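# Sharing a model prediction with you, sequence too.
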Amino acid sequence: MAAPIELHTWGTPNGYKISIALEELGLPYTVHPVNIMKDDQFDPAFLAISPNNKIPAILDPEGPAGRPVSVFETGAILIYLAEKTGRLMPQDPLLRIQCLEWLMWQMGGAGPFLGQAHHFRRFAPEKIPYAIKRYTDEAKRLYGVLDTRLAGRAWVTGADYSIADIAIYPWISRHEWQGMDLADFPEVQRWFTAMTARPAVQRGMAVPG
């Protein structure tokens, strides 16, 4: 039996991406909670595997050439896990490009801007109308981009469920925090319902428990 991967995580959209992927892949893993509310992310032991002090990070005792490897940044972790298993990333070169495009769309746009939307709408100690409008408007635009992409496609890359879907889903799961109504985006709503019904997604969203 393979040695379990160590998942250092907390209950956030970024953390859920990796627990969902591990569940989908059926890889054995152990969970090491990093309580970001208590600044556990600044612990030297965690910084050794995640120098940007952000969750999640993994430590795979059976990395390349059988040697241990640590990986931080969710996009890098998802690509690593897909390449390690040969799953959750299309083999067709053109579809692989699309998968990576939408993964980067999530990493560079959807994640940061949706995160700002729910921060300023829900958590900021001062309600700043300009910031709320700016990030809510951008969230609406991004949902529209995703809605257009999903038209006529089961998954973001078409027929293949992939790490792109996994990366995007946890952020869409916070749609109410971002001021979004999924009824306004019927393709996103259909996709979101299909994602939510997957048992591995349900298990991954319960980590760290």
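On my side now, so go ahead.
# drop to CA atoms for contacts and neighbour counts, all remaining ones
Noted.
# Under a three-state scheme, what state does the nearest residue to Q41 once chain neighbours are set aside occupy?
In this structure, Q41 finds its nearest non-sequential neighbour in N53, 5.2 Å apart by CA to CA, 6 or more residues apart in numbering. Under DSSP: H, G, I helix; E, B strand; the rest coil, N53 falls in the coil class.
# what's around V69, how many residues?
When neighbours are defined as other CA atoms under 10 Å, V69 has 14 of them.
# Surely it and P61 touch.
Yes. Using CA atoms under 8 Å, V69 is in contact with P61, at 6.4 Å.
# Which of the residues in the helix or strand harbouring F113 are classified as buried?
Secondary structure assignment for F113, by DSSP states H and E: helix 111-118. Using 16 or more other CA atoms under 10 Å as the test for burial, helix 111-118 gives 111, 113-118.
# any residues touching stretch 199-209, and which ones?
With CA atoms under 8 Å, 6 or more residues apart in numbering as the contact definition, stretch 199-209 has outside contacts at 9-11, 16-24, 31-33, 170, 195-196.
# from those, which would you call buried?
9-11, 16-24, 31, 33, 170, 195.
# These in strands, which ones?
Residues of those located in strands (DSSP state E): 9, 31, 33.
# tell me which of these is nearest to S162?
Closest approach to S162 among these (CA to CA): T9, at 21.1 Å.
# give the contact list for that closest one.
Taking CA under 8 Å, 6+ apart as the test, what T9 contacts is 15, 31-34, 55-57, 208.
# any idea where the strands of the protein begin and end?
5-9, 29-33, 57-60, 69-72.
# Listing partners with orientation, what would you give for the third one?
Paired with strand 57-60 in the same sheet, following DSSP bridges, are strand 5-9 (antiparallel), strand 69-72 (antiparallel).
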